[in-house]
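> Dropping the sequence and predicted coords here.
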Amino acid sequence: MKTLFVKTYGCQMNVYDSARIADLLKPLGYAAAESPEEADMVVLNTCHIREKAAEKVYSELGRLRRAKEKRAELGRPLLIAVAGCVAQAEGEEIIRRQNAVDIVVGPQALHRIPEMVAKVERREGRALETDFAPEEKFDSLASAGADGPTAFLTVQEGCDKFCTFCVVPYTRGAEYSRPVAQIEAEARQLANAGVREITLLGQNVNAYCGRGPNGDAWSLARLLHRLAEIDGLDRLRYITSHPRDMGEDLIDAHRDLHKLMPYLHLPVQSGSDALLAAMNRRHTRDDYLRLVERIRAARKDIALSSDFIVGFPSETDSDFERTMALVREVGYAQAFSFKFSPRPGTPASGAGKQIPEKVKSERLLALQALLTTQQNAFAKSCENATMPVLFEKPGRKAGQAVGRSPYLQPVHVNDAEHLIGGIADVRIEHALPNSLRGSLADAPVLQRAAAR
Ligand code: SAM
Ligand code: SF4
């Protein structure tokens, strides 16, 4: 028996792809290794979204090269593969920079990994595949296996938006939506295996436009309605959404589908119209604020989350202040914020005035302080509410279980280990910095008060 370790960088789509890589290599005799040190094959499933992520991959490859040399002395080969968006963007450059690498495989070609491994094992040289063939990829992947009560399911890949800062349209290719029947079959299989919550994934998931059973195009809202009919599946989520693709039917689904959880990641990136235009986001600050109003009118307790970029080229103090003001106006339950990182080949990497590192850091600190205050206030607003929690795993203390609230917060509950895999009502007693603590409730579930 050979062993495999897949190290995942970046987004949930990579987490999903990593699980598929492990499934694809099982028939070749690869079982999961606990650590890279024990493995006969290591796959780095990479992310190219920010510079540091790619640099981390190269330093990890340096470590793996030394491990490979040591193992060779003992007559035990180590196969090294680089998958994901760095593989797609850098291609042969990876082998040029680190010749210990055996396989380079882009995200749309990962279904070809078994034949690539076989080629390397036959000592026929290195293997490199960076074609875009999403249809072929999903047709040849095994359905996602269940590993606990929650699962990800990729429904859409790629992006046609071309935000000026982003590499995704270059590394993941054009938008592609999987057919409804394929997604439904995978969701049913997951539900039969005990999965209670599915998060639909896509770089631009709400641009989903898949072929329905009669050949017509289905929106994400229609897909959610269909999946909500599956018995045993109690919770649905989706990520990541673009404000431009938030259609009326999707907003209505937040009102009508009780299985659709009241949490929405809706990245805005900036609160300045000048920057939104320079980023090619195709909406204004006002469009976004009006959209938030419509979503909150449909589902008053919805928790919102966002991504922000600070220090985009030419960002002035007043542009940044517009972002801070937007954050104060919306009130987020959760958020991710990044310093602008120029990505080679993207329009923003050479455009406008690049912002000094020190200014980027100061702005990021100020934004994160505000977002943390809002996150804490949101958590505090959950105290004394009773809400359904899906228990996922044991906690650190004996008998304790950790689950997720409808708003995606981790919730720790004592004497609840027997409930893992199920949903139970929990009375929230304390809001901690990154999680909630509560106890099992007998009382009926009360809605958390609307955030604003
Ligand atoms: N499709 C999503 C959207 O339109 O908002 C975002 C997907 S992207 C993989 C995740 C986040 O990474 C973006 O929302 C953005 O905040 C951040 N990001 C992307 N490129 C970046 C860059 N060059 N520098 C800094 N942050 C970046
Ligand atoms: Fe990147 Fe999202 Fe813009 Fe597409 S919509 S280019 S994935 S940031």
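Yes, it's here. Ligands and ions are numbered 1, 2, ... in the order given.
> show me the contacts for the closest residue to ligand 1 within the stretch 351-452 of the chain.
Across the stretch 351-452 of the chain, the shortest distance to ligand 1 (CB to the nearest ligand atom) belongs to residue 360, at 9.9 Å. From N, CA and C alone the C-beta is placed, and that goes for glycine too. With contact set as CB atoms under 8 Å, 6 or more residues apart in numbering, residue 360 has these partners: 310-311, 339-340.
> neighbours around residue 51, how many?
Using other CB atoms under 10 Å, residue 51 has 13 other residues around it.
> What of residue 55?
When neighbours are counted by other CB under 10 Å, residue 55 comes out with 11.
> the helices in the stretch 1-150 of the chain, which residues?
For the stretch 1-150 of the chain, the helices defined by DSSP state H, counting those that start in this stretch cover 12-25, 51-73, 85-90, 92-97, 113-121, 134-140.
> is the longest one anywhere near ligand 1?
No: with CB under 6 Å from any ligand atom as the measure, helix 51-73 is seen stopping short of ligand 1, the closest distance being 8.1 Å.
> could you say what helices and strands that helix packs with?
strand 41-46, strand 79-84, helix 85-90, helix 92-97 (3 or more CB pairs under 8 Å, 6 or more residues apart in numbering; DSSP states H and E).
> what bridges to residue 7?
residue 44 (DSSP bridges).
> so the closest residue to residue 422 other than its chain neighbours, which of the three states?
Excluding the flanking residues, the one nearest residue 422 by CB to CB, 6 or more residues apart in numbering is residue 391, at 6.1 Å. Secondary structure, DSSP: H, G, I helix; E, B strand; the rest coil: residue 391 is strand.
> was I right about residue 391 contacting residue 403?
Yes: in this structure, residue 391 is within contact of residue 403 by CB atoms under 8 Å, at 3.9 Å.
> Spell out which residues are contacts of both of the two.
413, 416, 419.
> Next, count neighbours for the last one.
Same thing as residue 419. 17.
> So which of the contacts of residue 360 belong to strands?
Applying DSSP state E to these, the entries found in strands are 310, 339.
> near ligand 1, which of the contacts of residue 360 show up?
Near ligand 1, judged by CB under 6 Å from any ligand atom, the entries from the contacts of residue 360 are residue 340.
> Could you identify which of the helices of the stretch 1-150 of the chain is most buried?
helix 85-90 (a mean of 25; mean count of other CB atoms under 10 Å).
> any idea how far ligand 2 is from the residue of the stretch 151-300 of the chain found nearest ligand 1?
Minimum separation of the stretch 151-300 of the chain from ligand 1 (CB to the nearest ligand atom) falls at residue 267, amounting to 3.2 Å. As for residue 267, its distance to ligand 2 is 7 Å (criterion: CB to the nearest ligand atom, to the nearest Å).
> for residue 371, same thing?
19 Å.
> Identify the residues contacting that residue.
When contacts are counted by CB under 8 Å, 6+ apart, residue 371 touches 308, 327, 332, 335, 337.
> now that we have the residues you listed, which one has the most neighbours?
residue 308 (24 neighbours).
> OK, contacts around that residue?
So residue 308 contacts 267-270, 323, 327, 335-338, 367, 371 (CB under 8 Å, 6+ apart).
> And the helices and strands packed on helix 51-73: which comes nearest residue 245?
Nearest of the helices and strands packed on helix 51-73 to residue 245, taken as CB to CB: helix 85-90 at 21.5 Å.
> Near the residue nearest to residue 120 when sequence neighbours are not counted, how many other residues are there?
Nearest-residue entry for residue 120: residue 102, 4.7 Å, with adjacent residues in sequence omitted and distances by CB to CB, 6+ apart. Per other CB under 10 Å, the neighbour tally for residue 102 reads 23.
> Now for residue 102: which residues touch it?
Going by CB under 8 Å, 6+ apart, residue 102 touches 79-81, 120, 126-127.
> Let me know the closest of those residues to ligand 2.
Closest to ligand 2, out of all of the contacts of residue 102 and judged by CB to the nearest ligand atom, is residue 81, at 24.5 Å.
> quick one: that closest one and residue 112 touch, right?
No: look at residue 81 against residue 112 with CB under 8 Å: they stay out of range, at 11.6 Å.
> neighbour count winner among the two?
residue 81 (25 against 21).
> and the residue lying closest to that one once chain neighbours are set aside, how many residues sit next to it?
Distance criterion CB to CB, 6+ apart; nearest residue to residue 81, sequence neighbours excluded, is residue 103 at 3.7 Å. Residue 103 is flanked by 24 other residues according to other CB under 10 Å.
> In what element of secondary structure is residue 305 found?
Using DSSP states H and E, the element containing residue 305 is strand 303-310.
> Can you point out the buried residues in that strand?
303-306, 308-310 (16 or more other CB atoms under 10 Å).
> from the chain's centre, how far out does the helix ranked longest in the chain sit?
Secondary structure of the chain per DSSP state H: the longest helix is helix 357-381. Distance, stretch centre to chain centre, for helix 357-381: 21 Å (CA atoms, centre = their mean, to the nearest Å).
> rewinding a little: so between residue 391 and residue 403, which is more surrounded?
Using other CB under 10 Å as the criterion, residue 391 and residue 403 rank with residue 403 on top: 28 against 25.
> Surely that one and residue 390 touch.
Yes: applying CB under 8 Å, one finds residue 403 in contact with residue 390, separated by 5.1 Å.
> residues contacting the residue nearest to residue 347 when sequence neighbours are not counted?
Sequence neighbours aside, residue 164 is the residue nearest to residue 347 in space, at 4.1 Å (criterion: CB to CB, 6+ apart). Counting by CB under 8 Å, 6+ apart, residue 164 touches 278-280, 346-348, 351.
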